[in-house]
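Asker: Provide a 3D model corresponding to the input given below.
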Amino acid sequence: FINKRIKLIMAYTTINKPTAHFNTKLYTGNAGTQSITGVGFQPDMVWLKKRSASGSHYITDAVRGVGKAVFPDEANAEYTYSNGVTAFGTDGWTVGDNGGMNGSGATQVGWNWKAGNSSGSANTDGTITSTVSANTTAGFSIATWSGTGSNGSIGHGLGGVDCMIIKNTNSARDFYFWNKSMVYNTRLELNNNEAFTTGTDNMTALPDATKINMATSTQNNGSSQNYVGYFFQEKQGYSKFGNYTGNANADGPFIYTGFKPALVIIKQSSGGNDWWIYDNKRDTFNLATHGLRPSKSNAEVNYSATDTMNLDLLSNGFKIKSTDGALNGNGSSYIYMSFAEAPLVGTNNVPCTAR
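Answerer: Presented below is the predicted three-dimensional model:
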């Protein structure tokens, strides 16, 4: 009876190996052509950042094609690099001599997601045809489309959407960010530190099982503008998207995810603090002290000496260990997105342990 009771209350998942769908890879630049392996799967979206010095963030994906990057810390339009990511391989990717992605001796990080291992196919679930590559098992898809400037919708290829990142690729427009803890007509912007804004041009309704319902913002549906969207559907034991409220205490809030996090991205949604990103490869034991800012090109910061911007990555969630307003202001609201290193309990009934 006790064993049955435990099984009922624990967070089971059908994704026993999260690293088959998301993984972080650290490497050192060589200022030449370099094949990065050890990811564990063929990535469809690669987000790269230099750690040891300042430099932009770069996101390249298989739907837009290798060489084409957008920059989470900038509003700039898409740029094509001959020396950026040049190929996606079965276990990683190849990068050229671009200084921001492969500078000589520079420590680098790459965050990798698996979509449908293709350049996508036409999706007509919305009023606007999109090109979609989807991984329905892990709840991640990449879509591209052309805006109309009128209320419309695009298919996302998943059974629902709980978080999204959208970028206008041919004009300098801010990144559009939304997760399920936000009202449908609000947004955050990945490339800046502003609090959430509300507008009738964001979405006309919540995303549904087949499509994103967009209004007329130039950040997601401007006339004759091209877009890329990264869409996430929450999967038990693998991904979690939500919010929490800060208490300004060094013994801060605990956020239950149902898995040991491999990646956590946090933004104060009620105030003007930067985005922060932590992972299990740059910090292999607690505290997690190495922070990067998606909204800034700054080098990685290690807060181990000050304990001001830290958190713990636990077997079933993460706990804020900071009094700084960027992570834990008293009464402030925060949104987060997180992906698993290991589920709390998988279908093999093996429980996850703390770090």
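Asker: CA atoms for contacts and neighbours, from now on please.
Answerer: Fine.
Asker: Next SSE downstream of the helix or strand containing Trp178?
Answerer: For Trp178, the host element (DSSP states H and E) is strand 176-179. Sequence-wise, the next helix or strand downstream of strand 176-179 (DSSP H and E) is strand 186-187.
Asker: for Tyr334, which residues make a bridge with it?
Answerer: Note on Tyr334: beta-bridge partners Tyr244, Gln268, judged by DSSP bridges.
Asker: count of residues packed around it?
Answerer: 22 (other CA atoms under 10 Å).
Asker: ends of stretch 157-170, how far apart?
Answerer: One end of stretch 157-170 to the other measures 23 Å (CA to CA, to the nearest Å).
Asker: do the same with stretch 69-84
Answerer: 8 Å.
Asker: same check, this time on stretch 287-307
Answerer: Stretch 287-307 has an end-to-end distance of 9 Å (criterion: CA to CA).
Asker: Give me the contacts around that stretch.
Answerer: 50-57, 72-74, 190-193, 274-280, 282-283, 309-313, 321-322 (CA atoms under 8 Å, 6 or more residues apart in numbering).
Asker: Let me see the mean pLDDT of the strand holding Trp178.
Answerer: For strand 176-179, mean pLDDT rounds to 98.
Asker: returning to what we had before: buried ones among the contacts of stretch 287-307?
Answerer: 50-53, 55-57, 72-74, 190-193, 274-280, 282-283, 309-313, 321-322 (16 or more other CA atoms under 10 Å).
Asker: Next, check those against the strands and list the overlap.
Answerer: With DSSP state E as the criterion, strands contain Lys50, Trp276, Ile277, Tyr278, Asp279, Leu311, Asp312, Leu313 from among the buried ones among the contacts of stretch 287-307.
Asker: Now tabulate those residues in a markdown table and tack on distance to Phe140.
Answerer: Below are those laid out as a markdown table (distance: CA to CA, whole Å):
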| residue | distance to Phe140 |
| --- | --- |
| Lys50 | 25 |
| Trp276 | 21 |
| Ile277 | 19 |
| Tyr278 | 20 |
| Asp279 | 19 |
| Leu311 | 26 |
| Asp312 | 26 |
| Leu313 | 23 |
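Asker: Out of those residues, flag the one nearest to Phe241.
Answerer: Nearest to Phe241, judged by CA to CA, of those is Ile277 at 14.0 Å.
Asker: confidence score at the closest one?
Answerer: With respect to pLDDT, Ile277 scores 98.
Asker: Kindly report the same for Arg64.
Answerer: Arg64 is assigned a predicted lDDT (pLDDT) of 98.
Asker: how about it, what does it touch?
Answerer: Arg64 is in contact with Ser119, Thr144, Val228, counting by CA under 8 Å, 6+ apart.
Asker: Ok, Leu190 next?
Answerer: Listed by CA under 8 Å, 6+ apart, the contact partners of Leu190 are Pro72, Asp73, Asp174, Phe175, Tyr176, Phe177, Trp275, Pro294, Ser295.
Asker: And the strands in the stretch 201-350 of the chain?
Answerer: Taking DSSP state E, counting those that start in this stretch, the strands of the stretch 201-350 of the chain run over residues 211-214, 226-232, 239-245, 254-256, 259-268, 276-279, 290-291, 301-302, 311-313, 317-320, 333-343, 345-346.
Asker: actually the stretch 51-200 of the chain, not the one I wrote
Answerer: Going by DSSP E, counting those that start in this stretch, the stretch 51-200 of the chain shows strands at 58-61, 68-69, 79-80, 85-89, 92-95, 107-113, 121-123, 130-135, 140-146, 152-155, 163-168, 176-179, 186-187, 197-198.
Asker: Adding mean neighbour count and distance to Asn302, write those out as a markdown table.
Answerer: What follows is the strands of the stretch 51-200 of the chain, written out as a markdown table (neighbours: other CA atoms under 10 Å; distance: least, CA to CA, whole Å):
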| stretch | mean neighbour count | distance to Asn302 |
| --- | --- | --- |
| strand 58-61 | 24 | 21 |
| strand 68-69 | 22 | 27 |
| strand 79-80 | 14 | 30 |
| strand 85-89 | 21 | 27 |
| strand 92-95 | 21 | 26 |
| strand 107-113 | 22 | 14 |
| strand 121-123 | 17 | 42 |
| strand 130-135 | 25 | 34 |
| strand 140-146 | 26 | 30 |
| strand 152-155 | 24 | 41 |
| strand 163-168 | 24 | 27 |
| strand 176-179 | 23 | 26 |
| strand 186-187 | 20 | 29 |
| strand 197-198 | 12 | 31 |
